[in-house]
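Asks: got a structure for you, letters missing:
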Ligand SMILES: [Zn+2]
């Protein structure tokens, strides 16, 4: 039994995603999604701005946490979660209107090609797929999770890991690591970055309040245990 159940299930997801980032056939498939015009802009300027713009504005759709019934004057719908720990599906969200009974189903995948087909999601689907697209270029990219409520990517640019968040508008989406702490009031404890065989503590890159992070962590450093859990995942 793990002491950190909240980490264990996400570790399975991020390990699977990181392994898919090493799969050439998956990367080739997602690369074909990028319009020729955008590919050309990236090649000319060596920057991710056109890719971020296309992905956010033309390709992906955002799935709100709470839906409203279109038949019933935008009445809030209630949500049922169904876990599905099999195959490519992580879980299913069933949004139901308690008045007219209409349903909307949102299926959450860890499989990159399924996400690329559905083109909808929240920060996890967006960062999982955007990471695959940048890896296909190839710009080495990984998944980062703050263990509060958000995840994003980091890309290796000029030998430095750079913050990338495809859910935000440019230029905030590129190299604005303190944005969340400054604007969303984040109180980090551990911000973790994932590769297929390791998990790395990258918290210092995202905070200007390191002494407060350390205070939240207390005397115990969880990283050794988290690395072991990830290794065994
Ligand atoms: Zn309704």
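Replies: It's in. Given the structure is predicted, the values throughout are model-derived calculations rather than measurements.
Asks: which bits of this structure sit near the ion?
Replies: 69, 71-72, 97, 99-100 (C-beta under 5 Å from the ion). Yep, even glycine has a C-beta here, placed from its N, CA and C like the rest.
Asks: just the buried residues of those.
Replies: Neighbour-count burial (16 or more other C-beta atoms under 10 Å) applied to those gives 69, 97.
Asks: tell me which of the residues of the chain next to the ion is nearest to residue 53?
Replies: residue 69 (32.5 Å; C-beta to C-beta).
Asks: which strand residues bridge the closest one?
Replies: Assessed by DSSP bridges, residue 69 has beta-bridge partners residue 75.
Asks: you'd agree it is up against residue 77?
Replies: Yes - with contact defined as C-beta atoms under 8 Å, residue 69 reaches residue 77; the gap is 5.5 Å.
Asks: give me the subset of the residues of the chain next to the ion lying in strands.
Replies: Using DSSP state E, the subset of the residues of the chain next to the ion located in strands is residue 69.
Asks: kindly reformat the residues of the chain next to the ion as TSV containing pLDDT.
Replies: Formatted as TSV, the residues of the chain next to the ion follow (pLDDT from 0 to 100):
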residue	pLDDT
69	96
71	94
72	95
97	96
99	95
100	96
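Asks: pipe the residues of the chain next to the ion into JSON lines and attach distance to residue 47 per row.
Replies: JSON lines is the format used below for those (distance: C-beta to C-beta, whole Å):
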{"residue": "69", "distance to residue 47": "42"}
{"residue": "71", "distance to residue 47": "45"}
{"residue": "72", "distance to residue 47": "46"}
{"residue": "97", "distance to residue 47": "44"}
{"residue": "99", "distance to residue 47": "49"}
{"residue": "100", "distance to residue 47": "48"}
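Asks: which one of the residues of the chain next to the ion is nearest to residue 81?
Replies: Distances from residue 81 to the residues of the chain next to the ion, taken by C-beta to C-beta, are shortest for residue 97, at 16.8 Å.
Asks: ok, now which ones touch residue 132?
Replies: Residues near residue 132 by C-beta atoms under 8 Å, 6 or more residues apart in numbering: 20-21, 26-27, 30, 112, 116.
Asks: helix/strand/coil for it?
Replies: The three-state label for residue 132, taken from DSSP: H, G, I helix; E, B strand; the rest coil, comes out as helix.
Asks: where do the strands sit along the chain?
Replies: Per DSSP E, the chain carries strands over the ranges 61-62, 68-69, 75-76, 78-86, 89-96, 103-109, 120-121, 141-145, 151-157, 160-164, 192-194, 199-201.
Asks: all good on my end, thank you.
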